[in-house]
Structure formats: C-alpha cells, structure tokens
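> sharing a sequence plus its predicted fold:
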Amino acid sequence: MAEATIFGKIVAGEIPVEKLAETERVIAFPDIAPQAPVHILVVPKTTEYANVTELAAGDPGLLAEMVAVAQSVANEHSDGDYRLIFNTGANAGQTVFHVHAHVLAGGLEEGSL
Ligand code: 5GP
C-alpha cells in the first residue's frame, strides 16, 4: 500500500478539487500548475499503486480504465487528441507517489515530447 499522498487526500475528499470526470475507480481533475492549455490529472481511487509499472502489473484493467477516462476528458475539453504522461520515479520528475496520468492537450508544441 502506498503512503498517503496529496492524491490520497483528494480521493478521500479531504482536499476539494473540480472533478472533471469520475468512474467507480478513477477521478480526473485539473492540474494545479498546468503545463499545457489543457492539463488534467487522471488518478485511480486506490492508493495501492505508486506508479504505472506497479499498476500495469497489478491491475491492467484499471490502467485501461484510466486511458479511457483520459480520452473522454480530452474529447470534452479539447479536440480529442492528447499526450499521456506517467512520470515514473523521482529522477523522471515524479513528485506524487500515487499513480497518475497527465493528460496534456490543446495547442501542444509539435515535436516536443
Ligand atoms: P508528478 O510530478 O508526480 O508526475 O505530478 C504531480 C502533479 O500534481 C504536478 O503536475 C502538480 O502540479 C500536481 N499537483 C500537486 N499537488 C496538487 C494539488 O493539490 N491539486 C492538484 N490539482 N494538482 C496538484
């Protein structure tokens, strides 16, 4: 079980967010420090997985559900095209160790990762 993180508190309702999408197992809300015109975080409600590698091994169906929610918020808040980023490990820029996907969309620079 991952340690309680800021996303665990958001999932528990202890920190309010603007929910842009919600399923039984996943929520999506805007990133507090957007790096693109549309920057949405897709977060599973379980605190069990710290990163996407653990999630893919432990519950691939939940990972697929996160991708479906990413597509749905990209459809709703942009033109349906999006970049999906899972920072995995501190040296890759991960700061919150509760698996989450960054959905970046809307006027992305061509050619950048
Ligand atoms: P990481 O660097 O772990 O891949 O991404 C964590 C993301 O969470 C960052 O983009 C950061 O801006 C965002 N973030 C951190 N704290 C909060 C918060 O309290 N609310 C929201 N909406 N986003 C947060």
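The structure has been received and is ready for your questions.
> off-centre distance for the top helix by length along the chain?
Taking DSSP state H as the criterion, the chain has its longest helix at helix 60-77. On the basis of CA atoms, centre = their mean, to the nearest Å, helix 60-77 sits 9 Å off its chain's mean C-alpha point.
> how about it: buried residues?
62-63, 65-66, 69-74, 77 (16 or more other CB atoms under 10 Å). The way it works is simple: take the backbone N, C-alpha and C, and place the C-beta from them, glycine included.
> for stretch 44-64, same thing?
For stretch 44-64, burial by neighbour count (16+ other CB under 10 Å) applies to 44-47, 49-52, 55, 59, 62-63.
> thinking again about what came up before, which residues touch the longest helix of the chain?
Contact with helix 60-77 is made by 20-21, 23, 25-26, 28, 38, 40, 42, 44, 46, 52, 55-56, 80-82, 84, 101, 103, 105-106, as judged by CB atoms under 8 Å, 6 or more residues apart in numbering.
> among those, the buried ones, what's the PyMOL command?
Remark: buried members of those, expressed as a PyMOL selection using 16+ other CB under 10 Å:
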select buried, resi 20+21+26+28+38+40+42+44+46+52+55+82+84+101+103+105
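> quick revisit: so which of the buried residues of stretch 44-64 are in helices?
Within these, residues falling in helices by DSSP H are 52, 55, 62-63.
> show me which pair in these is furthest apart.
52 and 62 (10.6 Å; CB to CB).
> tell me where this structure has strands.
Ranges of strands within the chain are 21-22, 26-30, 38-44, 83-85, 101-105, based on DSSP state E.
> for residue 6, find the nearest of those strands.
Short answer: strand 38-44, nearest of the strands of the chain by CB to CB, at 10.2 Å.
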